[in-house]
Structure formats: C-alpha cells, structure tokens
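Participant: model this:
(2 chains)
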Amino acid sequence: DGGITQSPKYLFRKEGQNVTLSCEQNLNHDAMYWYRQDPGQGLRLIYYSQIVNDFQKGDIAEGYSVSREKKESFPLTVTSAQKNPTAFYLCASSAPGQGLRGELFFGEGSRLTVL
Amino acid sequence: EDQVTQSPEALRLQEGESSSLNCSYTVSGLRGLFWYRQDPGKGPEFLFTLYSAGEEKEKERLKATLTKKESFLHITAPKPEDSATYLCAVDFNDYKLSFGAGTTVTVRA
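Facilitator: Numbering: from 1, shown residues only, chains lettered A, B, ... in the order given. Purely as a prediction, here's the structure:
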C-alpha cells in the first residue's frame, strides 16, 4: 500500500540532545512537509520541500533542520536549539501540481517528549 | 493576518443527534478550504476541498458547505465511529495552508 511512514512513533529526548525523525513516502510525490501539532493549536509548518535537494523554511523553522537527498525521504532533526520540542510531529506529502495548496497525505506522526 | 477559527472546540453528541461544526476565516483571497479528520494519535485524513461560495461536498454522514466567510461541516445522524477531531485548513493565496485548532467530536452510543 502506498503511504507515508514516520518513525519512531514515540521518542524521548534528554535536554541538549539532537534527535532525527524519519519520514519515508512511496507515493511518488514531489512535495513533502513537516508540521508540528500542539494541544489547542492548529498545525504549524516547520519546513517544506518541493523537489529533491531543495527545501524552504516554514513558519517555525528555528531549532529544526531537514535534508532532501532522495525523493522518498525527508528527515527532520530537532536540535538542542529548539526551546520547546515536546510535540506531535507530522510529515505530509502532496501530489504533483498540488504544492502546498492541495490535498495533503499525512503520516501517522511521531510524538517527541523531552525529559 | 489571515486566520482560521474553528468552533466549538469540543462537541458531545448522542448517536443520531445531528449537528454542525464551523470554520470561519478572515477574507484575504481564498483559494481553497479543506476539511480533515484526525483520530487520536494519528495523522489527519483528507475529507473535502471547497473552492467557491455555494459549493457543497458530501461523504457518508458528512456534508461540507462554503460561504464567503465560513464553512460548515454538518454531521447527520452521527455514529460513535464519527468521533474524531475535525480540522479545517485554508489556502489564503499564500505559499501554505493555515490550519484551525480543530473541533473534537465525541458521539455516545
């Protein structure tokens, strides 16, 4: 089945550590995105990538980094510079021509907790 | 600043009790409005896209409508399996979607 796979589902981090969240898709979509979801707030865009080897900052990119070396993969690193990293992280993709304005396909999410 | 507001924050319904969720937005060149369903601990699942005032979309017990300043998601004769958080997202002619905080619907048998 085509879809987006995020791992790990749960992750615990000590303060000062960097962690990397994995996102893999087999939908052959060009565009991929990372969102952060906090209770009582809408999804906020962290980074997005419309093609391989290119990515752009979203609204809350500080303390995060990404790479897009392969079409299928868009990992997110939460660095120690992120002041409040505890959140639910969602990876998404969209079909060609949709860009950020179309139907998004989401993964199951990764919940990061800082101890 | 373009904003998306969803109400109510939470909605508790008895099975079969129809109701509506609201998504209002500031007007700044709407290009599209999207509804998603999100189950606890899962990623959102796409439901509908609406592009122009007067447009309606239906899927099973759900019906989405759009006016110039708001959208409604009507749930007709809900069942417990309709319990979820419903998210509204708007394309404001910008590079990204703006999401509302969602309405959490609980349907009791």
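
Participant: Next up, the contacts around A:N28.
Facilitator: Residues near A:N28 by Cβ atoms under 8 Å, 6 or more residues apart in numbering or on different chains: A:K71. Backbone N, C-alpha and C define where each C-beta goes, glycine included.

Participant: same deal with A:C91?
Facilitator: Contacts of A:C91 (Cβ under 8 Å, 6+ apart): A:4, A:6, A:21, A:23, A:25, A:32-35, A:74, A:76, A:106-107.

Participant: Equivalent analysis for B:L21, please.
Facilitator: B:Q6, B:S7, B:P8, B:L11, B:F72, B:L73, B:I75, B:Y86, B:T103, B:V105.

Participant: Which helix or strand contains it?
Facilitator: strand B:19-25 (DSSP states H and E).

Participant: following that strand, which helix or strand comes up?
Facilitator: Heading C-terminal from strand B:19-25 (DSSP H and E), you reach strand B:32-38.

Participant: Need the contact partners of that following strand.
Facilitator: In contact with strand B:32-38 (Cβ under 8 Å, 6+ apart) are residues A:101-104, B:23, B:25, B:44-51, B:62, B:64, B:66, B:71, B:73, B:84-91, B:97, B:102.

Participant: Check the burial of A:K70 by counting its neighbours.
Facilitator: The number of residues packed near A:K70 is 10, by other Cβ atoms under 10 Å in any protein chain shown.

Participant: hmm, I was thinking of A:G58
Facilitator: Residues lying near A:G58 (other Cβ under 10 Å) number 19.

Participant: Check A:E69 too.
Facilitator: Counted with other Cβ under 10 Å, A:E69 comes out at 10.

Participant: do the same with the one 3 residues further on
Facilitator: A total of 18 residues lie near A:E72 under the criterion other Cβ under 10 Å.

Participant: So what sits opposite the residue nearest the centre of chain A in the bridge?
Facilitator: Computing the C-alpha centroid of chain A and ranking residues by Cα atoms, centre = their mean puts A:W34 first, at 2.7 Å. In this entry, A:W34 is beta-bridged to A:Y47, A:C91, by DSSP bridges.
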